[in-house]
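J.: give me coordinates for this.
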Amino acid sequence: MARDNFPEKVIRKLRDRVAHRCSNPSCRVSTSAPNDTDAVTNIGKAAHICAASLGGPRYDPSMSTEQRKSFTNGIWLCANHADEIDRDVIGHPVELLRQWKIEAEARAKTELGRPQPKASDAVDMLTQALTGASKSFLASSIHNAHAATTGVLEKLDPRFQVTSSFDPQNGARFSLSAREHVDISLRMEPDSLGSIALQYSRFLDHGIGFEVDAKKVKLEGSPLFSSLSEMASGDEGKLQIGIKPTEAITKFALVDPVSGRHESLDDVLGDLVVGLKSYTFSGTSLGGLQSLTFTMPIDNESVVSAINLKFNFEKWRGLSITKLPWFSKVVRVMRAIEDGWELDITFEISGERLLGAAVRLSQVEAANIVALLRYTELARELSTFLCVEVPFDDGVAISGEQVQILTKAVETARGYSQGIDEFIPPARLEMTGMTGSGAEVFSQQTTRLGYLSFTQPTPWAVMIFSTHISMPDMVFTFNHCRVEKAAKEGMRQKFEIFPELGFSIEYRFDIPK
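T.: Next up is the predicted model:
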């Protein structure tokens, strides 16, 4: 299938509307410059938001050729990020790329005719923030404002490392990490003593962080606390208390307790949080599709008190069902769990093995997931057979009737046959034409045939997730049969079909090979 490439005028428009800069908001490098001769060096690409051809990243079968090669379907990126968005489709959905494009054009419009930031602007802004001296202040240097603010706070108490961030929803956020042992006191308002004390107890015993209104508690033990308390003195201020996690790896495998068969799975990278009585690990693998959380008591490291192995199918949402990453592996894992296989866990930090345990997960929960995966397997097979792109949608309720219809459609796509035991003769046909083992079919009253086939429109329509698909015509083939003329009305003839030795009926869709 030919690619729907952009015309030159579309490429120029994509490049010019973002001022020759990469549209990735974390990049925005200039993509063109003069080289040593009188030519131009270009490192930018006009990338397709929805792929230019079938099978490409984010391909949309509903788009026309003109739509695929239009300005609306393009985004200007540097070469690195043009390649990255096609390698990591899950991390770069259509909606995100369109938002990048809108923001990049808006920035280019705002920056038109204005000087770009200089290296000295960071010093100017720091001076403005700390001394009040009159210097130029650039809104684009907000990152340096955070660096200056945290620097001032750390001077109040060098025992702490301070980081800051800001978002429109939650406002300013300051995180403190102790560089050494620090004694602190936590004072609570009497009306909230019970609930906060319970959360604090869980924090100490199990490392579970918690959040409280800043006005209901007071931290003592450092001048830094007083300064931050003043910043969070309003009604919206929040105090979050937690333990800085340690990077860890969980290696796990599935083991059949009957046969001893062993299948290794991908390592799970995550964080370990330790309390006085237990520790909790949480991490992901398979590009975030799989998440694992478990808790173990410190005094008995061979017992897992709580474990949750989850597959985040929203990562697949909107992707073509024939291109779901790690699909086969997920199917193997969940079927093994459904069959009662155990999860063999080995926990490591910095390459040192700390513990090992074997646990059995819920077979009931696994069965529900396996039902979805089996449905998806059938849908993938039919989608491939019909060359139809179908997006995955785990939010759609699937009825038993839908499963039955899909199963029947897949069986027909594969082709199936019925023997004489499932046939009640005679079969009656009414046709204007027929193809068989010879033209004498139409001139003789009774004819014995090696086979007789005919095509009939199919009223089937299959719903796969949220996609409605009409089925192609059905081809019926009768093998080893006797055909007798029953009546003739003009160009139409009626026939009756009777089985002979070796009789069977084959069913398949009429798809050109």
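
J.: what sits against residue 347?
T.: Residue 347 sits next to 248-251, 281, 353-356 when contact means C-beta atoms under 8 Å, 6 or more residues apart in numbering. (Each C-beta comes from the backbone N, C-alpha and C, glycine too.)

J.: so in terms of bridging, what pairs with it?
T.: Beta-bridge partners of residue 347, counted by DSSP bridges, are residue 250, residue 355.

J.: circling back to that earlier point, and the contacts of residue 347, which is closest to residue 240?
T.: Residue 240 lies nearest to residue 281 out of the contacts of residue 347, by C-beta to C-beta, at 20.4 Å.

J.: can you pull the contacts of the closest residue to that closest one other than its chain neighbours?
T.: The spatially closest residue to residue 281, leaving aside those adjacent along the chain, is residue 272, at 5.2 Å (C-beta to C-beta, 6 or more residues apart in numbering). Residue 272 makes contacts with 245-248, 279-281, 349, as judged by C-beta under 8 Å, 6+ apart.

J.: before we move on, the earlier item: buried subset of the contacts of residue 347 as a ChimeraX selection?
T.: Selection of buried members from the contacts of residue 347 for ChimeraX, criterion 16 or more other C-beta atoms under 10 Å:
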select :248,249,250,251,281,355
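
J.: residue 390 and residue 462 touch, don't they?
T.: No. Residue 390 is beyond contact range of residue 462, at 10.0 Å (criterion: C-beta atoms under 8 Å).

J.: shared neighbours, these two?
T.: residue 469.

J.: tell me the helix or strand right after the helix or strand residue 164 falls within.
T.: Using DSSP states H and E, residue 164 falls within strand 160-167. Counting by DSSP H and E, the next helix or strand C-terminal to strand 160-167 is strand 171-178.

J.: can you show me the strands along the stretch 351-500 of the chain?
T.: All strands of the stretch 351-500 of the chain, identified by DSSP state E, counting those that start in this stretch, fall at 352-359, 416-419, 427-431, 446-456, 461-464, 467-470, 474-489, 492-509.

J.: out of those strands, which gets nearest to residue 35?
T.: strand 467-470 (49.3 Å).

J.: list the contacts of residue 324.
T.: 316, 376, 380, 392.

J.: ok, the second one - how many residues close by?
T.: Residues contacting residue 376 under the criterion other C-beta atoms under 10 Å number 24.

J.: ok, the one 4 residues further on next?
T.: The local packing count at residue 380 equals 20, with neighbours defined by other C-beta under 10 Å.

J.: repeat that for the one 4 residues further on.
T.: Counted with other C-beta under 10 Å, residues neighbouring residue 384 total 13.

J.: surely it touches residue 322?
T.: Yes. If you go by C-beta under 8 Å, residue 384 and residue 322 touch, sitting 5.7 Å apart.

J.: relative to residue 91, how far out is the most centrally placed residue in the chain?
T.: By C-alpha atoms, centre = their mean, the chain has its centre lying nearest to residue 315, at 1.7 Å. Residue 315 sits 9 Å away from residue 91, taking C-beta to C-beta, to the nearest Å as the criterion.

J.: cool, and residue 472?
T.: The value you get for residue 472 to residue 91, if C-beta to C-beta is used, is 37 Å.

J.: look at those two and report which has more neighbours.
T.: Set residue 472 next to residue 91 and count neighbours by other C-beta under 10 Å: residue 472 wins out with 19 against 12.

J.: and the more buried one, what is it in contact with?
T.: 386, 458, 509-511.

J.: just the buried ones from those residues, in PyMOL syntax?
T.: Remark: buried members of those, expressed as a PyMOL selection using 16+ other C-beta under 10 Å:
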select buried, resi 386+458+509
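
J.: tabulate the contacts of residue 472 (CSV), appending pLDDT and distance to residue 197.
T.: Output for the contacts of residue 472, formatted as CSV (pLDDT from 0 to 100; distance: C-beta to C-beta, whole Å):
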residue, pLDDT, distance to residue 197
386, 88, 62
458, 73, 68
509, 81, 68
510, 79, 73
511, 75, 69
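
J.: nearest to residue 64 among the contacts of residue 472?
T.: Of these, the one sitting nearest to residue 64 (C-beta to C-beta) turns out to be residue 386, at 19.9 Å.

J.: who are the contact partners of that closest one?
T.: Per C-beta under 8 Å, 6+ apart, neighbours of residue 386: 413, 469, 472, 511.
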